[in-house]
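Return atomic coordinates for the entry below.
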Amino acid sequence: MGTIEPVWLNTLLGVILPFIIQWLKNNNWKREWKFLFALIISIVVGIVSAYFTNNLLFDVEKIMGTITYIFAVSQIIYNLFKDGIEKLSP
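Take a look at the predicted model:
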């Protein structure tokens, strides 16, 4: 079995994470709590991803990079679907 490519896995996780978070979160929460919930989920998923891509070798830079990448992709996907793709076009 080959190793999992980190960029491929992190992009996939970042794309599906907004849908999972939307399903799990409470709609009555304040905006700050929703953001904090998404951040915590991204941190947990980032650590798990770093483990499966062999980047969890006490290299804080790689772990933080993984978490940041997953969170950034998930926020982009979330905003695309929340605001609608048509709002982005000029």
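
drop to CA atoms for contacts and neighbour counts, all remaining ones
Fine.

For A50, which residues are in contact?
P6, L56, K62, I63, T66 (Cα atoms under 8 Å, 6 or more residues apart in numbering).

so what's it scoring on pLDDT?
What the model reports as pLDDT for A50 is 80.

tell me which residues of the host helix or strand of it are tucked away?
Assigned by DSSP states H and E, A50 falls within helix 31-52. For helix 31-52, burial by neighbour count (16 or more other Cα atoms under 10 Å) applies to 34, 37-39, 41-43, 45-50.

Just name the closest of those residues to L80, please.
Nearest to L80 out of the buried residues of helix 31-52 is A38 (Cα to Cα; 16.0 Å).

And what about the nearest residue to the closest one once chain neighbours are set aside, helix, strand or coil?
Spatially, and ignoring its direct neighbours in sequence, A38 is nearest to I21 (6.4 Å; Cα to Cα, 6 or more residues apart in numbering). What DSSP: H, G, I helix; E, B strand; the rest coil gives for I21 is helix.

Likewise for N27?
coil.

can you count the residues close to it?
10 (other Cα atoms under 10 Å).

Return the distance of it relative to Q75.
17 Å (Cα to Cα, to the nearest Å).

now F37
Applying Cα to Cα to F37 and Q75 gives a distance of 13 Å.

who wins for neighbours among the contacts of A50?
T66 (25 neighbours).

got the contact list for it?
Applying Cα under 8 Å, 6+ apart, the residues near T66 are N10, G46, I47, S49, A50.

which of the residues you listed sit farthest apart?
N10 and I47 (10.9 Å).

Start and end of stretch 18-32, how far apart?
16 Å.

In that stretch, which residues are buried?
Buried-residue list, stretch 18-32, by 16+ other Cα under 10 Å: P18, I21.

Give me the secondary structure label for L57.
Going by three-state DSSP: L57 is coil.

Measure how buried it is and give me the count.
10.

So for it, what's the pLDDT?
So L57 comes in at 70 (pLDDT).

thinking again about what came up before, please produce TSV containing the contacts of T66, extended by distance to I70.
Shown next, in TSV, are those (distance: Cα to Cα, whole Å):
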residue	distance to I70
N10	6
G46	7
I47	10
S49	9
A50	11
